[in-house]
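>>> Could you work out the structure for the sequence below:
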Amino acid sequence: KGSDQYHISIRQYVDFNSGSENAWQDGITRLNNDITSNNCPDIIDLSSVNVEQFVAKGVFEDLAPYLEKSENLKREDLVENVLEGFTYDGVLVGIPSKFSIQTVVGRTSDVGSEMGWSLDDMIAFADAHPDTELFDGVEKSTMMYYCMMYNENAFVDWGAGTCNFDSPEFKSLLEFVNRFPDEFDWQQEGRPSEPTRIQDGEVLLSTVYINDFERIQMYIDIFGGDITCIGFPTTDGSIGCALNADECYGITAKSGKKDGAWAFIESYLTKEDTERWWWGFPTNKKVLEKRIQEAVEVKYITDQEGNPLLDENGEPIPEGGTSSINYEDGWSYTYHQTTQEEVDIVLELMDIAKPASSSNDEIMSIINEEAEAYFKGQKSVDDVAGIIQSRVNVYVSENS
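Residues are numbered from 1 along each chain as shown. Down below sits the predicted model:
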């Protein structure tokens, strides 16, 4: 609004009010059609598109040269791992202004102290604990998503326009997912909460969504001390720690207004208004450092005049410990003042997190739709894998 040179028009491709079951995919199709036409947007919100698929088509402008030339923002001003996470084939396709982290956590005594494991490792871990659930209440579709989160590229080559879902590796994945229930009844009366079930030894792992520095401390308590953020499984055993981006924009290579598009993106990345960062971590390191300082700084509860309230011993009452979470079964946790050790755990995850690859809803839809026949015992795993291979192959070849 403050620019006297550019005006931004927002084009929303997904019509959630249409009532169509295919509203999302229809929107993606419209976006794909515009990208290949003269109606191409100048800027694309990358938070919900298959970036690798678009990279293979050469859709994105490289933002690295814009950073190098910028007078207001330099590469060293931003979290380096976030930039690397959105660099594909040497092209910096987008820069999120903020992000969150998602990973899998377990007891160090159960999963070991090293982060990262393969699909085979996870299956072997499940085999070694046949009477214990891997995750609390996870259904087949959710487990399939966990398994595919960092492994779509193992089965799909967008550059070559090929896929290999009839491979032994994918058949093994189908067989593993078939161990989980079709649906889970979350309305079971009197059912213990996830923290209770973990502490009672009924559940081994938990997925953790981290968008602030204090959240990790509850999971340290749930698992009884030493935890390992082992991450989602990958085919090669690397660390599957998800980097979830927000306000992440890329510039299209066909744009005729690239300088204006960059000015818009740059304005997001240089704002230091901490009011914008209530959700997630800022990519701007200067603002992130403020967040860290605020997280570990001890603050005291004050009265209306700003004077600290005192406890029965005449000592100021710290704010830490006043926030809590309560579950219906009675399990609760009260947060304490964030420690530097807890901040360091989160910072380590920031340094290794990368965007997940399973963002193609059409491929996941095909997998879930066709796998149902195997899960219900109507077709063999070989037959279903062959059908998935055939359908996805058509889709990939048409969209590469």
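
>>> going forward, measure contacts and count neighbours with C-alpha atoms only.
Will do.

>>> show me where this structure has strands.
For the chain, the strands defined by DSSP state E occupy 43-45, 87-88, 91-92, 95-107, 156-157, 162-163, 205-210, 227-228, 242-251, 281-282, 324-326, 332-334.

>>> got those strands as CSV, with mean pLDDT, mean neighbour count and distance to Y374 columns?
Formatted as CSV, the strands of the chain follow (pLDDT from 0 to 100; neighbours: other C-alpha atoms under 10 Å; distance: least, C-alpha to C-alpha, whole Å):
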stretch, mean pLDDT, mean neighbour count, distance to Y374
strand 43-45, 93, 20, 37
strand 87-88, 93, 16, 35
strand 91-92, 95, 18, 40
strand 95-107, 94, 23, 27
strand 156-157, 90, 18, 22
strand 162-163, 92, 20, 20
strand 205-210, 95, 18, 26
strand 227-228, 96, 21, 34
strand 242-251, 91, 22, 29
strand 281-282, 92, 25, 41
strand 324-326, 90, 10, 40
strand 332-334, 92, 15, 41
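
>>> Now distance to N178 too, for the ones you listed, in TSV please.
As requested, the strands of the chain are exported to TSV (distance: least, C-alpha to C-alpha, whole Å):
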stretch	distance to N178
strand 43-45	35
strand 87-88	34
strand 91-92	38
strand 95-107	20
strand 156-157	22
strand 162-163	22
strand 205-210	18
strand 227-228	27
strand 242-251	24
strand 281-282	36
strand 324-326	33
strand 332-334	33
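
>>> can you tell which of the ones you listed is closest to M364?
strand 156-157 (12.0 Å; C-alpha to C-alpha).

>>> Tell me which other helices or strands that closest one touches.
The contact analysis (3 or more C-alpha pairs under 8 Å, 6 or more residues apart in numbering; DSSP states H and E) places strand 156-157 against strand 162-163.

>>> And the strand it packs on, what does it pack against?
strand 156-157, helix 381-399.

>>> Show the average pLDDT along the last one.
Model confidence over helix 381-399, given as mean pLDDT, is 93.

>>> got the contact list for that helix?
With C-alpha atoms under 8 Å, 6 or more residues apart in numbering as the contact definition, helix 381-399 has outside contacts at 53, 156, 158, 161-167, 170-171, 174-175, 363, 366-367, 370-371, 373-374.

>>> Run through the residues that contact D77.
Taking C-alpha under 8 Å, 6+ apart, we find D77 in contact with N284, K285, K286.

>>> What subset of the residues you listed is buried?
Among those, those scoring as buried are N284 (criterion: 16 or more other C-alpha atoms under 10 Å).

>>> In helices only, show me the contacts of D77.
Of the contacts of D77, the ones assigned to helices by DSSP state H are K285, K286.

>>> What is the nearest of the contacts of D77 to I35?
Nearest to I35 among the contacts of D77 is N284, at 29.6 Å by C-alpha to C-alpha.

>>> Tell me what the closest one is bridged to.
For N284, the beta-bridge partners are L78 (DSSP bridges).

>>> Let the chain start at 13 from now.
Renumbered: residue one is now 13, and that last one reads N296.

>>> Now for it: which residues touch it?
Neighbour list for N296: D89, L90, V91, S109, L281, T282 [criterion: C-alpha under 8 Å, 6+ apart].

>>> where does the stretch 263-412 of the chain dip in pLDDT?
For the stretch 263-412 of the chain, the stretches flagged by pLDDT under 70 are 285-290, 332-334, 369-372.

>>> residue boundaries of the helices in it?
270-282, 297-308, 352-364, 373-387, 393-411 (DSSP state H, counting those that start in this stretch).

>>> No more questions from me, cheers.
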